[in-house]
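Trainee: pasting the sequence and the predicted model now:
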Amino acid sequence: MSKKVWGFDPHRGGKTIPDSVKADVKRRITGLARSEFPGRSIRIELRYRKQLCYVDAYEAPNDKDTNPPSYWKGDREEWIQYRSNLPTHLCRLRYFGEDRWSFGFYTYSNERYELCIFPQNGDFFGTPEMAFMVSSVYLNE
């Protein structure tokens, strides 16, 4: 007869995020986005669901992306408006208390969040800023 062994999964569980932590994380990540991407129009939006924090970025199109593709039915201004309101999903953070978060990287190939270690420390736990810096690879294009 096999015994069941309990194992900790950083992709499950967590604690409900307090409002004070929500405001602090928003301030920290938007400040980091401003300092890491100066001169670019990037709007960061955070969505919360119990112990989860979803981080999305909205970026105004650059000069090469302001002309609509041939399949676009609207005019240029509508294209720019559409592109400006198109979210880039970056990551999902799971709150475990204090400054202890696990990190799910959004994969566009699977269209889901995949558990990821923080490359900065090689651990499953880190800060929201560390997760943002990893997932900002989508903003460097």
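Mentor: In hand now; what should we look at?

Trainee: doesn't Ser136 lie inside a helix?
Mentor: Yes: counting by DSSP: H, G, I helix; E, B strand; the rest coil, Ser136 is found in a helix.

Trainee: so how many other residues sit close to it?
Mentor: 19 (other Cβ atoms under 10 Å). Quick note: C-beta positions are derived from backbone N, CA and C, even for glycine.

Trainee: wait, it sits on Cys91?
Mentor: No: counting by Cβ atoms under 8 Å, Ser136 stays clear of Cys91, with 9.2 Å between them.

Trainee: any figure for the gap between Thr30 and Glu45?
Mentor: Separation of Thr30 from Glu45 (Cβ to Cβ, to the nearest Å) stands at 9 Å.

Trainee: with neighbour numbers in mind, choose between the two.
Mentor: Thr30 (16 against 13).

Trainee: so how far is Met133 from the more buried one?
Mentor: According to Cβ to Cβ, Thr30 stands 14 Å off from Met133.

Trainee: how about the strands in the protein?
Mentor: Ranges of strands in the chain, per DSSP state E, are 42-49, 52-59, 88-95, 101-107, 112-116.

Trainee: name the helices or strands packed onto the fourth one?
Mentor: Yep, that's strand 101-107 we're talking about. Here strand 101-107 touches strand 88-95, strand 112-116, helix 128-135, going by 3 or more Cβ pairs under 8 Å, 6 or more residues apart in numbering; DSSP states H and E.

Trainee: so what touches it?
Mentor: Applying Cβ atoms under 8 Å, 6 or more residues apart in numbering, the contact partners of strand 101-107 are 10-11, 14, 53, 89-96, 112-118, 124-128, 130-131, 134-135, 138.

Trainee: check the second one too.
Mentor: Contact partners of strand 52-59, identified using Cβ under 8 Å, 6+ apart, comprise 14, 17, 22, 25, 29, 33, 40-48, 84-95, 101, 128, 131-132, 135-136, 138-139.
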